[in-house]
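> quick one: sequence and predicted model below, then my questions.
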Amino acid sequence: MVQTTKAPSAMEVLQGVSPEVAAGFSAMRTAINKFGPIDPKHQELIALAGFVTAGLEPGFRTHCGRALGHGATREEVQQAVMLTLGASASITHVSAALRWTDEVIAARG
């Protein structure tokens, strides 16, 4: 039987190189999240839209899962993805993110 190992997350890599920098990054993100009136679900939808634009699948999957965990629906995630189309993301990035959305939802059960 082939055993696969999960690649470390970006944060795990950062922690391995510099725990201080990783802690600083986490503190910054916490401060940003507490800064204004936007609720966690919408913060995550905004964040995942940024990852769509950049075409960064790991970050998208992380923030998609968080958005779902804060009560976002499939349709809300899909709309956040689609809002980037033509504004900042290509059709290739958007179609990939729509696939990633379905995969994240399927993995959540």
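Perfect, I can see it now.
> show the contacting residues for the spatially most central residue of the chain.
What sits nearest the mean C-alpha location of the chain, by Cα atoms, centre = their mean, is H63, with 2.4 Å. Taking Cβ atoms under 8 Å, 6 or more residues apart in numbering as the criterion, H63 is in contact with E44, A47, L48, F51. Placement of C-beta: from N, CA and C, glycine included.
> nearest spatial neighbour of the first one, skipping sequence neighbours?
Spelled out, that is E44. Once flanking residues are discounted, E44 sits nearest to A67: 3.7 Å by Cβ to Cβ, 6 or more residues apart in numbering.
> which residues in the protein form helices?
Secondary structure of the chain by DSSP state H: the helices cover 10-17, 19-35, 40-54, 57-69, 74-83, 91-108.
> can I get those in CSV including mean pLDDT?
Putting those into CSV (pLDDT from 0 to 100) gives the following:
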stretch, mean pLDDT
helix 10-17, 94
helix 19-35, 95
helix 40-54, 97
helix 57-69, 96
helix 74-83, 97
helix 91-108, 96
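> for burial, what's the neighbour tally of Q43?
Counted with other Cβ atoms under 10 Å, residues neighbouring Q43 total 19.
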